[in-house]
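1. give me a 3D structure for the following:
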Amino acid sequence: MITRAKTRALHNSNIATISTSPPTCFSTANKDTQWRSAMENEFNALIQNNTWSLVPRSSQNIVGCKWVFKIKQRVDGSIERHKARLVAKGFHQQEGIDYLETFSPVVKHTTIRTILSLVVTRQ
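-> Okay, here's the model as predicted:
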């Protein structure tokens, strides 16, 4: 069942989505103070977390990056914040040249169940 309040919220969120869309390129985002602030926050967080370190350029492939922009909205459709993420263009890398192995810290549910069953059986 959809109440009038829910209908209004859905309508308002559609209006907010249509009227405000995130920029598609850096040059457009750089002209707006809100997007510049979002990019600055992201960049400061990356530096604070020691995400990368600068090294001298060598003959190796340089992995580029790009900004991805998103508008976070509240349930009522109003804008909560502008979010910017700096992402690496990892698709330019070649296995064996730019990297040797991959690491993904993802645990599968079957692994957790197996470990828990071993713990229970061995007390």
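
2. give me phi/psi at L100?
-> phi -110, psi -30 (degrees, to the nearest 10).

3. pLDDT score for it?
-> With respect to pLDDT, L100 scores 75.

4. which residues in the chain form helices?
-> 4-19, 26-30, 33-48, 109-122 (DSSP state H).

5. worst average pLDDT in those helices?
-> Averaging pLDDT over each of those puts helix 4-19 lowest, since it has a mean of 53.

6. from T51, how far out is the residue nearest the centre of the chain?
-> Closest to where the C-alpha atoms of the chain average out (C-alpha atoms, centre = their mean) is R85, at 5.5 Å. Computed as C-beta to C-beta, to the nearest Å, the R85 to T51 distance reads 12 Å. (Glycine included, C-beta is placed from N, CA and C.)

7. one more: I62?
-> In terms of C-beta to C-beta, I62 sits 16 Å off from T51.
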